[in-house]
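> Have a look at this prediction, sequence included:
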Amino acid sequence: MTHDSKTLAAARTRTGGCLCGQVRFELSGEPVIARLCWCRDCQHIAGNGTANAVFPTADIAISGTVSDYISTADSGNQVRRRFCPQCGCHLFADSTGRAGLTVVRVGTLDDPSSIAPVANIWAGSAPGWACLDASIARIEGQPGPIVKS
């Protein structure tokens, strides 16, 4: 069975949005990597760790207006977190440490089961009660650089 590039792209399209629906997005292609993050910033954002998929920034089409907050992450990188100004739902993060790549919060996908994390990162910062999946990689702190394939 053969597929042309348009058929393959259509098969890989994912959609998502914020809690109130003001911001919607479409992802084309596959994530570069997906991980659970236990850094202190993510714990503040979510009350525990966050599930994140990293996509090439060019593969993300956003409709609606997002607000942003820029801070310095545990890694030392500048991170711009983008969220819905209406409901406050965190959607994306961009870091000076990974130009051309954007983190998408997996829980904001219409089908969050379509992406499975492969590692726990910043696991050394996880609270003692955290349930870390022992079947995936465990990285105690900052993971190595992301390599786009």
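That came through fine.
> Need the pLDDT of Asn48.
As predicted, Asn48 sits at a pLDDT of 88.
> That one against Ser125, yeah?
No - with contact defined as C-beta atoms under 8 Å, Asn48 does not reach Ser125; the gap is 11.4 Å. (C-beta placed from N, C-alpha, C; glycine too.)
> Over to Ser114: give its phi and psi.
phi -80, psi -10 (degrees, to the nearest 10).
> Comparing Asn48 and Ser125, which residue is more hemmed in?
Using other C-beta atoms under 10 Å as the criterion, Asn48 and Ser125 rank with Ser125 on top: 18 against 14.
> after the helix or strand bottoming out on mean pLDDT in the chain, next one along is what?
Ranked by mean pLDDT, DSSP states H and E, the weakest helix or strand in the chain is helix 5-11, scoring a mean of 44. Downstream of helix 5-11, the first helix or strand assigned by DSSP states H and E is strand 14-17.
> Buried residues of the helix or strand following that following strand, list them for me.
Following strand 14-17 in sequence order, the next helix or strand is strand 24-27 (DSSP H and E). Applying a neighbour-count criterion of 16 or more other C-beta atoms under 10 Å, one finds 24-25, 27 buried in strand 24-27.
> Repeat that for stretch 57-64.
Buried-residue list, stretch 57-64, by 16+ other C-beta under 10 Å: 59-60, 64.
> Closest one to Ile146 out of those, please.
Of all the buried residues of stretch 57-64, Asp59 has the smallest distance to Ile146: 14.0 Å, by C-beta to C-beta.
> Residue ranges in this protein under the pLDDT threshold?
For the chain, applying pLDDT under 70 flags the ranges 1-11, 74, 147-149.
> Show the residue spans covered by the strands in it.
Secondary structure of the chain (DSSP state E): strands at 14-17, 24-27, 33-37, 50-56, 60-63, 67-72, 78-83, 90-95, 101-105, 119-121, 137-138.
> so what strands line up beside the fifth one?
The strands that strand 60-63 pairs with in its sheet are strand 24-27 (antiparallel) (by DSSP bridges).
> Can I get the partner strand in CSV? Just the C-alpha atoms.
C-alpha atoms of strand 24-27 as CSV (Å, rounded to 0.1, in the frame of the first residue of the first chain):
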residue,chain,number,x,y,z
ARG,A,24,-7.5,26.0,19.2
PHE,A,25,-4.5,24.4,17.5
GLU,A,26,-3.6,21.9,14.9
LEU,A,27,-0.4,19.8,14.9
